[in-house]
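Quick one, what's the 3D model for this:
(2 chains)
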Amino acid sequence: MDLAYTKIMPQVIESKVTHEKVVLYQNGELVFEEGDSSRDLFIIQEGQVEIWKKTETTDIKLATFNRGDFFGDMALLQGGTRFASAKATGITKLLVIQPGGFLLKIRRDPTFAFEMLQTLSYRIKISNERLVDVIKKGNVPKETVDQILSLIGGQ
Amino acid sequence: MLTNVQSERMVIISDLHLGNPFSNTTHLALKFMKWAASQNYDIVINGDGLEMAQASKSKIMSEMPDVFRTIKELRKQRRTIYYVVGNHDISLENFLEDWGYFKVSPFLNISSGKTRIRVEHGHLYDPFYVKYPALYHKLTHLAGFFLFISPSFYKLWINFEKWRARLRAKRTGIFGEPPEFAEAAQEISKRGFDCVVFGHTHHAGEFKLEEDKRYLNPGSWLLSCHYVEINNGKVELKNWQP
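From the prediction side, this is the model:
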């Protein structure tokens, strides 16, 4: 998968308040790139977004998100740079919530917080299950397992 | 917890308040559910289906066996019955979940065809309920006392809300409701929903949101037999004629 920036400027189609806007992306357009310092949260109003992670040898598709799904939460909630890249598949309309508007969004739409927690909880469950599978196969050194488990256990 | 559902045929009813002294439509609600099941619709009870806050013990004793028998029958017919929790039945959430005949949820995100629909009771957007929950709770119980004296107090209240709506400077949303409900529906619709369905206010109606999105409310079966029908992505507010 070629993650090169497509040079198409995303089109802001609505921005009634300063902390929130609706942006239209063309097919293949990059929403953000791995290592970016942006912290916006995205909700898909229309279209689809793929999340890609670069490795030394190849690019790995981590997830595909559809209408109603959110992404970009890690940079917003944890800080730091983007862990992976996000790319539009087809014409995609995104609601972009800037960091300063996140709590206001939750205040105005409280079930969004519930849905975020539910999704994040699901992702942790899946990660834990995968980790257990890897440990069971015995491919990982004991020190690494202990280190990962202590990190998961509420650091 | 279940929140995402796929269904091509579904009906949504709200605020049955079974067990409320004002309720005299229990037999109609049960007849409607049997009809819906016979037409292969899944059923959503969008909050305040069973009355707890203003319950009349004699009503509950006389009506509940029929209610539970009907629900069991519908489940035997393999119809799915979703129960979205409202403010009058919050205390029943665990019971309803454990009973096993309902799929209980705080809200539902329904996909039907290419349409996405949010179904939620809506009490979270009631400005009075959110700002003064303890007072709201007390007044709800007090209103229950008036309903014991005469159920027509309820009709007076609904007429008062409509009269108050005429005086309101900001007239957004379904007639009789505070504007906060339509505003909340607008906010939720921005997350990729085509329609938002609330209950709670007891005012049946429909309101057009920005970008051709819609807010619907089937009102309460205490007052009329409205329901929202979802049929292969088409969403309509209808009045049931038994």
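
residue boundaries of the helices in the chain?
Unless you meant another one, I'm taking chain A. A:73-78, A:102-108, A:110-137, A:142-152 (DSSP state H).

hmm, I had chain B in mind actually
Under DSSP H, chain B gives helices at B:26-38, B:57-76, B:93-99, B:127-131, B:133-149, B:152-167, B:180-189.

how far off helix B:57-76 does the first one point, in degrees?
So the one you mean is helix B:26-38. Angle of helix B:26-38 versus helix B:57-76, following axes from the mean of the first three to the mean of the last three CA atoms, to 10 degrees, is 10 degrees.

Would you mind listing the buried residues in helix B:26-38?
Buried residues in helix B:26-38, counting neighbours by 16 or more other CB atoms under 10 Å in any protein chain shown, are found at B:26, B:29-30, B:32-33, B:36-37. All C-beta spots, glycine's among them, are computed from the backbone N, C-alpha and C.

ditto for the longest one
Residues B:59-60, B:63, B:67, B:70-71, B:74 are the ones in helix B:57-76 that count as buried (16+ other CB under 10 Å).

For chain B, what lies in contact range of chain A?
Within reach of chain A by CB under 8 Å from any CB of the partner chain, chain B has these residues: B:1, B:3, B:106-107, B:109, B:116, B:120, B:124, B:183-184, B:187-188, B:190-193.

how does it look with 6 Å?
Taking CB under 6 Å from any CB of the partner chain as the measure of proximity, chain B contacts chain A at B:107, B:116, B:124, B:187-188, B:190-192.

Out of the buried residues of helix B:26-38, the closest to A:Q26 would be?
A:Q26 lies nearest to B:A36 out of the buried residues of helix B:26-38, by CB to CB, at 43.7 Å.

Could you give the number of residues near A:K136?
Neighbourhood size, A:K136 [other CB atoms under 10 Å in any protein chain shown]: 9.

With the one 5 residues further on instead?
A:P141 is surrounded by 9 other residues when neighbours are defined as other CB under 10 Å.

who's in contact with it?
Contact analysis of A:P141 by CB atoms under 6 Å, 6 or more residues apart in numbering or on different chains lists nothing.

rewinding a little: Serialize the helices of chain A to CSV and add fields for distance to A:Q48.
What follows is the helices of chain A, written out as CSV (distance: least, CB to CB, whole Å):
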stretch, distance to A:Q48
helix A:73-78, 18
helix A:102-108, 22
helix A:110-137, 17
helix A:142-152, 30
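
Do the helix or strand of chain A with the lowest mean pLDDT and chain B come into contact?
The least trusted helix or strand in chain A, going by mean pLDDT, DSSP states H and E, turns out to be strand A:11-17, with a mean of 70. No. Strand A:11-17 stays clear of chain B (CB under 6 Å from any CB), getting no nearer than 9.0 Å.

Partner strands of that strand, with direction?
According to DSSP bridges, strand A:11-17 forms sheet pairs with strand A:20-25 (antiparallel).

Mind checking the pLDDT average for the strand it pairs with?
Regarding strand A:20-25, the rounded mean pLDDT is 94.

now swap in stretch B:74-84 and tell me
Average pLDDT, stretch B:74-84: 90.

May I have the beta-bridge partners of the closest residue to A:T64 other than its chain neighbours?
In this structure, A:T64 finds its nearest non-sequential neighbour in A:E50, 5.3 Å apart by CB to CB, 6 or more residues apart in numbering or on different chains. Counting by DSSP bridges, A:E50 is bridged to A:T64, A:K87.

can you tell me which residues contact A:E50?
Going by CB under 6 Å, 6+ apart, A:E50 touches A:61, A:64, A:87, A:89.

Against chain B, how distant is it?
17 Å (CB to the nearest CB, to the nearest Å).

Return the per-residue confidence for that residue.
97.

Listing request: residues of chain A with sub-threshold pLDDT.
Scanning chain A for pLDDT under 70 picks out A:1-10, A:14-15, A:152-155.

domain parsing for it?
Per the record, chain A has its domains at A:1-108, A:109-155, by automatic domain parsing.

Now chain B against chain A: closest residue?
Nearest residue of chain B to chain A (CB to the nearest CB) works out as B:G192 at 4.1 Å.

so what's that residue up against?
Counting by CB under 6 Å, 6+ apart, B:G192 touches A:44-45, A:67-68, B:116.
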